[in-house]
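**Student:** predicted model follows, preceded by the sequence.
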Amino acid sequence: MSSQEENRNQRFIFRIDNTQNKRRAQNDNQLIKNTYISLYRKLGKQGQQKLRV
């Protein structure tokens, strides 16, 4: 395999990693959002007012 081919392969692998990282980041954001929303609901009205202040 020539060095040119190796470079092409490495770039391709990097691109795949990048896509997976983006997807992982989106999943993490969704998880954080869901956790915050469920905690917010569990607090009830008084807890929510304390959070806002």
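**Tutor:** Noted; the coordinates are in hand.

**Student:** how about low-confidence regions in this protein?
**Tutor:** Residue ranges of the chain with pLDDT under 70: 1, 52-53.

**Student:** tell me where it has helices.
**Tutor:** With helices called from DSSP state H, the chain shows them at 3-52.

**Student:** how about the residue nearest to the spatial centre of it, what does it touch?
**Tutor:** In the chain, the residue lying closest to the centroid (CA atoms, centre = their mean) is Ala25, at 1.7 Å. For Ala25, the contact set (CB atoms under 8 Å, 6 or more residues apart in numbering) is empty. Backbone N, C-alpha and C define where each C-beta goes, glycine included.

**Student:** any idea how far Asn18 is from it?
**Tutor:** Going from Ala25 to Asn18 by CB to CB, to the nearest Å gives 11 Å.

**Student:** and Leu31, by the same measure?
**Tutor:** Distance of Leu31 to Asn18, given as CB to CB: 20 Å.

**Student:** how far off centre is stretch 10-30?
**Tutor:** 9 Å (CA atoms, centre = their mean, to the nearest Å).

**Student:** then stretch 23-37?
**Tutor:** Taking CA atoms, centre = their mean, one finds stretch 23-37 lying 6 Å from the centre of the chain it belongs to.
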